[in-house]
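> Curious how this folds, go ahead:
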Amino acid sequence: MGCGWDAATVDPASRGLVSAFEPLSSHGADDDEDHRTNSSKELFGLKRRVVITGVGVRAPGGNGTRQFWELLTSGRTATRRISFFDPSPYRSQVAAEADFDPVAEGFGPRELDRMDRASQFAVACAREAVAASGLEFDRLDPTRVGVSLGSAVAAATSLEREYLLLSDSGREWEVDADWLSRHMFDYLVPSVMPAEVAWAVGAEGPVAMVSNGCTSGLDSVGHAVRLIEEGSADVMLAGAADTPITPIVVACFDAIRATTSRNDDPEHASRPFDGTRDGFVLAEGAAMFVLEDYDSALARGAHIHAEIPGYATRCNAYHMTGLKADGREMAEAIRVALDESRTNATDIDYINAHGSGTRQNDRHETAAYKRALGDHARRTPVSSIKSMVGHSLGAIGSLEIAASVLALEHGVVPPTANLHTSDPECDLDYVPLEARERKLGTVLTVGSGFGGFQSAMVLRSAEAAGAVA
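Residues are numbered from 1 along each chain as shown. Modelled structure (predicted):
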C-alpha cells in the first residue's frame, strides 16, 4: 500500500494533522505577510468560503434580530430579579429572562407538548434566519443541507420540571413510570434539539449537537463552517440555544460562586471588566444562522451579512473552571483563527469579548488580547454584550456572533454597560456605557468555557469580503 494520498479525499482529521505541524505566527504588528502562505487548506486547495446569509435571534430584552440590536446599541440592560420561580433561597437571584411566547411564535399544540423551551427557541430562530436568507429550502437538495446546534444544558428546564412532578418536589425516592411524560426521552437526549431544527427546515444532511459548555455557540458555528469548507454540505443551519434559568442550574452556579450576588440592583448586576464585578448573570437565549458557500450566495444575489474566514478552538488541559492568568490558550486560538483567515493583528477593528464578569475571566481575556495582538490590543475597542443580556451559557457564543455581524453591518460597536470602576488588570478600551460609531471591516469574537475551552472566530464584512460592488 502506498503512503501518498489524493488531496480530494483528505478528511478533516488528516487536515488537522497537517496543520498541527505548521509554524505558529505571533501575528505582531511588525510581521510581514509571508508567514501566512503555508496553511494546510491552501496546500490541498479544499477551502470553500463561507458566508452568513440569514440571522435569527431570541434574547432577553426583545425577540427578533431588530429588537436585539436596538437593546445592544441603547446600552440598556435586560437583567432583572428572577420571575420564573421564587429565587429567595438562592445566593444569586438575578437573571436575564426572554419574553418568549411559543404560541405567538406559531408553535401548535403537538409541538408545545413535545418540545423543550430551548428547542422552541432554536426552531424559532431557525425560522427567522431561513426567512431572512431568501433561500427556498424546498428547492434545495435536502441531503446537502445540515444543522449544527450548540447547547450547554439542553433540556434542563423540562428534565427538572418532570422530576419535580414525578417525585412530589423531591419527597419521593421512587417514581411511577406510568406518570412519566412520553417525551421524557426527548428531554434526556441532547441530540433531539438539532433534530427538531432539521425537521423544521427539512434538512437531511449532516446534523450535529455540540455541547462544549460556554463555547458551544461558537464551536457549533465553527463546525458548520468546516462542513461547508470541505464540501460535506452546501447550506448549514448553525447556532445555539439554552434556557437554563431553573432552580438546579442556579444552585449549581451558586455552589461555585460563579454568579453575582448583587441582588439589590439587578439591572446593574452584570459588570464585565469593572473593578467591582463579582460574577456573571445567568440568562437564556438563542441565535441561528444560515451559512452557505460564498459563490452560491453571490450567484443567487443573496444579501451577505458577513464572511467567516477563520475559526479555532483550544483547551487549556488545566482545570475545570480555573484559567491561567497569562491567557495563553485563548491567545493561541486567536492566533490560529487569524492565520486561517489571513488576517494581521492590525486588521482587527473590534473585539466582541466573552467578558463574563468574573474576576478571573476578564483579566485572563485581557492578557490573551495583549498576547495575541500585541500593541494593537490597546488601540482596539473591546466590549461585552453580557453586560446587557447576561450569560446564556452555550447560547451566548452564537448571540455574540450575531452582535458581531450586526456591528459590521451598522458600523457601530455595542458598549459594555455598567462599567464605571477601573481595574488595573483590565486596562484596554472596553467601550464603557455608550455605543460608538466606527467603520468595521474585521471583527474578532471569542469564547471561554468550563473545561478550559477557548475559541475564537474572525468575521469579515461583506464589503471587506468583496461581496459588495
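
> What is the burial count for residue 174?
Under the neighbour criterion other CB atoms under 10 Å, residue 174 is assigned a count of 7. Quick note: C-beta positions are derived from backbone N, CA and C, even for glycine.

> Distance of it relative to residue 167?
Counting by CB to CB, to the nearest Å, the separation of residue 174 from residue 167 is 9 Å.

> for residue 329, same thing?
Per CB to CB, residue 329 is found 41 Å from residue 167.

> Likewise for residue 210?
Using CB to CB, residue 210 is found at 31 Å from residue 167.

> quick revisit: what about residue 329 and residue 167, which has more around it?
residue 329 (22 against 13).

> The more buried one belongs to a helix?
Yes. According to DSSP: H, G, I helix; E, B strand; the rest coil, residue 329 belongs to a helix.

> OK, contacts around it?
Each residue near residue 329 by CB atoms under 8 Å, 6 or more residues apart in numbering is listed here: 314-316, 368, 452, 454.

> what about 7 Å?
Neighbouring residues of residue 329 by CB atoms under 7 Å, 6 or more residues apart in numbering: 314-316, 452, 454.

> pLDDT score for it?
Note on residue 329: pLDDT of 90.

> Tabulate the CA atom coordinates of the strand or helix carrying residue 399 in CSV.
According to DSSP states H and E, residue 399 maps onto helix 396-410. In CSV, the C-alpha atoms belonging to helix 396-410 read as follows (Å, rounded to 0.1, in the frame of the first residue of the first chain):
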residue,chain,number,x,y,z
ILE,A,396,-24.1,33.2,24.2
GLY,A,397,-21.4,32.4,21.7
SER,A,398,-23.9,32.5,18.9
LEU,A,399,-25.6,35.6,20.3
GLU,A,400,-22.2,37.2,20.3
ILE,A,401,-21.6,36.2,16.6
ALA,A,402,-25.0,37.9,15.8
ALA,A,403,-23.9,41.0,17.7
SER,A,404,-20.6,41.0,15.7
VAL,A,405,-22.4,40.6,12.4
LEU,A,406,-24.8,43.5,13.2
ALA,A,407,-21.8,45.6,14.4
LEU,A,408,-20.1,45.0,11.0
GLU,A,409,-23.3,45.9,9.1
HIS,A,410,-24.2,49.0,11.0
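
> can you list contacts of the helix or strand just after it?
The element immediately downstream of helix 396-410 (helix or strand, assigned by DSSP H and E) is strand 412-413. With contacts defined as CB under 7 Å, 6+ apart, strand 412-413 is touched by 73, 350, 381, 383, 407, 431, 435-438.

> Between those residues, which sits nearest residue 89?
Nearest to residue 89 among the contacts of strand 412-413 is residue 383, at 34.0 Å by CB to CB.

> in terms of contact, does the closest one touch residue 428 like I think?
No. Residue 383 is beyond contact range of residue 428, at 10.2 Å (criterion: CB atoms under 7 Å).

> circling back to that earlier point, filter the contacts of strand 412-413 down to just the ones in helices.
Among those, the residues falling in helices (DSSP state H) are 73, 407.

> Return the closest of the contacts of strand 412-413 with respect to residue 242.
Distance to residue 242, by CB to CB, is smallest for residue 383 among the contacts of strand 412-413, at 21.5 Å.

> State the distance from the residue nearest to the spatial centre of the chain to residue 301.
What sits nearest the mean C-alpha location of the chain, by CA atoms, centre = their mean, is residue 397, with 1.6 Å. Distance of residue 397 to residue 301, computed by CB to CB: 30 Å.

> Please apply the same query to residue 184.
In this view, residue 184 and residue 301 are 46 Å apart by CB to CB.

> before we move on, what about residue 85?
Using CB to CB, residue 85 is found at 48 Å from residue 301.

> between the two, who's got more neighbours?
Neighbour count, other CB under 10 Å: between residue 85 and residue 301, residue 85 has more, with 13 against 8.

> quick one on the thing from earlier: buried only: go through the contacts of strand 412-413 for me.
Taking 16 or more other CB atoms under 10 Å as the criterion, what is buried in the contacts of strand 412-413 is 73, 350, 381, 383, 407, 431, 435-436.

> Return the backbone torsion pair for the residue lying closest to residue 321 once chain neighbours are set aside.
Among residues not flanking residue 321 along the chain, residue 450 sits closest, at 5.5 Å (CB to CB, 6 or more residues apart in numbering). Here is the backbone geometry of residue 450 (degrees, to the nearest 10): phi -60, psi 140.

> I figured residue 450 hits residue 211, correct?
No. Look at residue 450 against residue 211 with CB under 7 Å: they stay out of range, at 11.3 Å.

> right, and the pair among the contacts of residue 329 with maximum separation?
Greatest spacing in these, by CB to CB: 314 and 452 (8.4 Å).

> which one is residue 406 nearest to, not counting chain neighbours?
Using CB to CB, 6+ apart, the nearest residue to residue 406 is residue 69, at 4.8 Å.

> where does that neighbour land on pLDDT?
97.

> how close does it get to residue 131?
Separation of residue 69 from residue 131 (CB to CB) stands at 17 Å.

> coming back round to it: tell me which of the buried ones among the contacts of strand 412-413 is nearest to residue 227?
The closest of those, once distances to residue 227 are taken by CB to CB, is residue 407, at 25.8 Å.

> residue contacts, the closest one?
Counting by CB under 7 Å, 6+ apart, residue 407 touches 350, 413-414, 440, 443.

> Please apply the same query to residue 83.
residue 97.

> now do residue 304
Going by CB under 7 Å, 6+ apart, residue 304 touches 51, 53, 297, 462, 467.

> counting contacts, what elements does the longest helix seen in the chain pack onto?
Under DSSP H, the helix in the chain containing the largest number of residues is helix 117-133. If you count contacts as 3 or more CB pairs under 7 Å, 6 or more residues apart in numbering; DSSP states H and E, helix 117-133 packs onto strand 50-59, helix 192-201, strand 235-242, strand 285-293.
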